[in-house]
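> Any chance you can model this:
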Amino acid sequence: MLNIAILGSGQGSNAQAILDAIAAQKLDARIVGVIADVADAFILERARRNGLPAFYVDGAPFKTKLDGAAEQRVLEILRQQHAGVVALAGFMRIVKAGLLRAYAGRIVNIHPALLPAFPGLRAWEQALHYGAKVTGCTVHFVDEGTDTGPIILQRTVPVLDDDTPATLHARIQEQEHEAYPQALQWIAAGQVRLAGRRVLIRG
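Next up, the predicted model:
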């Protein structure tokens, strides 16, 4: 069984999708902890409602990265909770070298676009403003770049003529909630692993 720790900053809808997949026996895993860098993030409330360990880690003095004392505290929690894989779910900080080294090949993220297109923040708005006809979501391993890690799984979403940022984002999230548990199950089953910069897939 895969021990997953989730890092998030917001509502935690992908964390809920992972929990739902475990409950439905579609994902052979357990959540060993949920960590947030925002004290009142709803993802922590989701964890508490499900009886899961919930941890707030203050990221100060940094605004956009997980570094220094905050990174060390996260590492301490991950080790205490025996995390095997770290799943970023709306985590709004850049992961730095310490965590990347400690969990090399075991940190994954979900991004609301078809990478390498539209990396960074509010990718659905980027796609809409660019005039893309198709976008989607990507589950990928995390590396030192911003949304540059090797891709595990992608799902496509058409961009409709009457889409707004909100409607497009909602449809992308529907696909995220299926794609993230599926990719994690592949990892749990040993079907996917990272070797250097390559994702190796075993039938």
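
> Need the three-state assignment for Ile6.
Under DSSP: H, G, I helix; E, B strand; the rest coil, the three-state class of Ile6 is strand.

> mind listing what it touches?
Residues near Ile6 by CB atoms under 8 Å, 6 or more residues apart in numbering: 12, 15, 18, 31, 33-35, 43, 47, 86-89. Any C-beta I mention is one placed from the backbone N, CA and C, and that applies to glycine too.

> Let's see which of these end up in strands.
Among the contacts of Ile6, the ones falling in strands (DSSP state E) are Ile31, Gly33, Val34, Ile35, Val86, Ala87, Leu88.

> Turn the residues you listed into a markdown table, including distance to Val199 and neighbour count.
Formatted as a markdown table, these follow (distance: CB to CB, whole Å; neighbours: other CB atoms under 10 Å):
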| residue | distance to Val199 | neighbour count |
| --- | --- | --- |
| Ile31 | 24 | 22 |
| Gly33 | 26 | 22 |
| Val34 | 26 | 30 |
| Ile35 | 25 | 27 |
| Val86 | 17 | 24 |
| Ala87 | 16 | 30 |
| Leu88 | 17 | 20 |
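
> quick one: which of those residues is nearest Gly68?
Closest approach to Gly68 among the ones in strands among the contacts of Ile6 (CB to CB): Ile35, at 15.6 Å.
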